[in-house]
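Asks: okay, predicted coordinates and the sequence, questions at the end:
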Amino acid sequence: MRFTKVEPAYTSKHGCRLVWKGTEEDDSDTVILTKDELDSLVEILKRDKAGKITLEDQVSAILVNSDVTQFTLQGHRPLEADTLEIQKKILEYAKIPHEPQYIHINPKEFYPSVWIRKDEKKEDRDLEKHEDKQTLLQAILSSQPEIEDQSLSESDVFRIFATRRSTRKFAKSKIEEWKVDKILAAADTAPTAGNFQGLKIFYVKNNKTKEALVEAANKQPYVNAPLVLVFCMDPARVNLKFPQNILEKFSMQDATLAAAYAQIAASGLGLSSIWIGMIDEEKVKSILGTKLRPSSILCIGYPDKKKPPKSRRKLKELIEVIE
Ligand SMILES: Cc1cc2nc3c(=O)[nH]c(=O)nc-3n(C[C@H](O)[C@H](O)[C@H](O)COP(=O)(O)O)c2cc1C
């Protein structure tokens with residue numbers, strides 16, 4: 001892995017992406033630094049001294065030595081860069097105001113921000129408990145609610161699933177830009193057919209456009225939310241030799257999955273959302289100035305009031321086992 005470049009990260013006006021390339025064409029690795037992390041790195045490199053920066057997750061770190069700069073990232077292979085090279089590139093980068101840009105991220109890349117911290121003790125306990133090798137499905141079908149589950153950490157992905165609730169009334173507070181970045185990065189990690197990413201996300205900042213989208217969404221007023229993302233299908237990107245209707249189905253699934261990942265990420269960040277499927281596709285296309293078919297609008301914000309999750313039918317009714 002060779003450190004190759006520094007570039008802007010997602011939509012934040014500050015912070016950066018450090019990119020490494022391997023020998024194979026699609027072999028690459030990335031570290032995203034927040035504004036504070038980048039500032040600390042610039043400070044150390046400016047002084048030409050050794051130093052250590054602890055990253056946002058409080059576990060990952062960057063160790064600047066005189067010869068090599070080491071990136072020890074939680075759950076990730078260690079990365080290194082020649083200190084002189086990273087010094088040159090980072091200081092050069094820090095001088096210029098950078099426009100945010102949308103970027104392609106492949107699944108091997110690293111986002112300290114979207115990691116879910118594991119509750120290892122809980123996992124160990126679960127392993128012991130299920131040593132009789134029950135399948136997951138058997139466990140679901142025979143399970144009773146466990147009081148123990150309440151001790152799961154805030155960031156536990158199952159807790160996020162279990163506590164998510166749609167919101168149609170948002171507080172006026174703005175969403176921090178770093179949270180928007182994390183939501184977009186999470187959408188980008190969703191699987192797509194053939195990894196062709198047959199979708200496009202419109203991040204609507206313009207208030208007039210948001211109001212127009214309210215109109216295009218059957219006058220649902222909450223579409224004018226603090227953060228509005230429109231997920232569109234882009235079947236032309238799906239470079240597979242299948243009939244057009246299959247490519248369209250794939251791109252619909254790509255766009256839907258990305259929206260779902262964004263929705264879960266928003267919940268994990270203490271935000272809430274409403275998924276809007278009731279849209280006039282032609283109106284949305286014309287508002288956004290695109291030919292791409294919209295699949296959904298995800299409206300995100302801080303909830304005006306936190307509500308408990310809605311109930312569902314019993315899992316036993318949802319799942320039909322075919323033996
Ligand atoms: C495909 C789809 C389309 C939806 N369309 C709308 C919509 O147009 N307007 C709306 O208010 N809610 C819409 N929703 C939100 C659902 O009403 C909501 O997710 C559902 O009531 C379950 O509530 P929960 O998300 O809090 O669990 C949609 C959800 C999905 C998955």
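Replies: Ah, there it is. Numbering: from 1, shown residues only.
Asks: which bits of this protein sit near the ligand?
Replies: 165-166, 168, 220, 274-278, 310 (Cβ under 6 Å from any ligand atom). Glycine gets a C-beta too; all of them are placed from N, C-alpha and C.
Asks: drop anything exposed from the residues you listed.
Replies: With burial judged by 16 or more other Cβ atoms under 10 Å, the buried subset of the residues of the chain next to the ligand is 166, 220, 274-276.
Asks: state the next helix or strand along the chain beyond the helix or strand harbouring Ile246.
Replies: Using DSSP states H and E, Ile246 falls within helix 244-268. Next helix or strand after helix 244-268 toward the C-terminus (DSSP H and E): strand 272-276.
Asks: could I get the buried ones among the residues of the chain next to the ligand as TSV with pLDDT?
Replies: Listed next are those as TSV, based on pLDDT from 0 to 100:
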residue	pLDDT
Ser166	96
Gln220	98
Ile274	98
Trp275	98
Ile276	98
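Asks: show me which pair in the residues you listed is furthest apart.
Replies: Within these, Ser166 and Gln220 form the most distant pair, 12.1 Å apart (Cβ to Cβ).
Asks: please report phi then psi for the residue in the stretch 51-200 of the chain that the ligand sits nearest to.
Replies: Residue nearest to the ligand within the stretch 51-200 of the chain: Ser166 (3.4 Å; Cβ to the nearest ligand atom). For Ser166, the backbone dihedrals (degrees, to the nearest 10) come out as phi -70, psi 150.
Asks: and what of Thr34?
Replies: With angles defined as degrees, to the nearest 10, Thr34 sits at phi -80, psi 170.
Asks: with Glu92 instead?
Replies: Here Glu92 shows phi and psi, under degrees, to the nearest 10, equal to phi -60, psi -50.
Asks: need the contact list for it.
Replies: Glu92 makes contact with Val6, according to Cβ atoms under 8 Å, 6 or more residues apart in numbering.
Asks: avg pLDDT for stretch 28-44?
Replies: Averaging pLDDT along stretch 28-44 gives 88.
Asks: can you get me the start-to-end distance on that stretch?
Replies: 26 Å (Cα to Cα, to the nearest Å).
Asks: stretch 56-67 now?
Replies: Counting by Cα to Cα, you get 25 Å between the two ends of stretch 56-67.
Asks: what does stretch 49-58 give?
Replies: End-to-end distance for stretch 49-58, by Cα to Cα: 22 Å.
Asks: what about this protein, any weak spots by pLDDT?
Replies: 10-13, 97-155 (pLDDT under 70).
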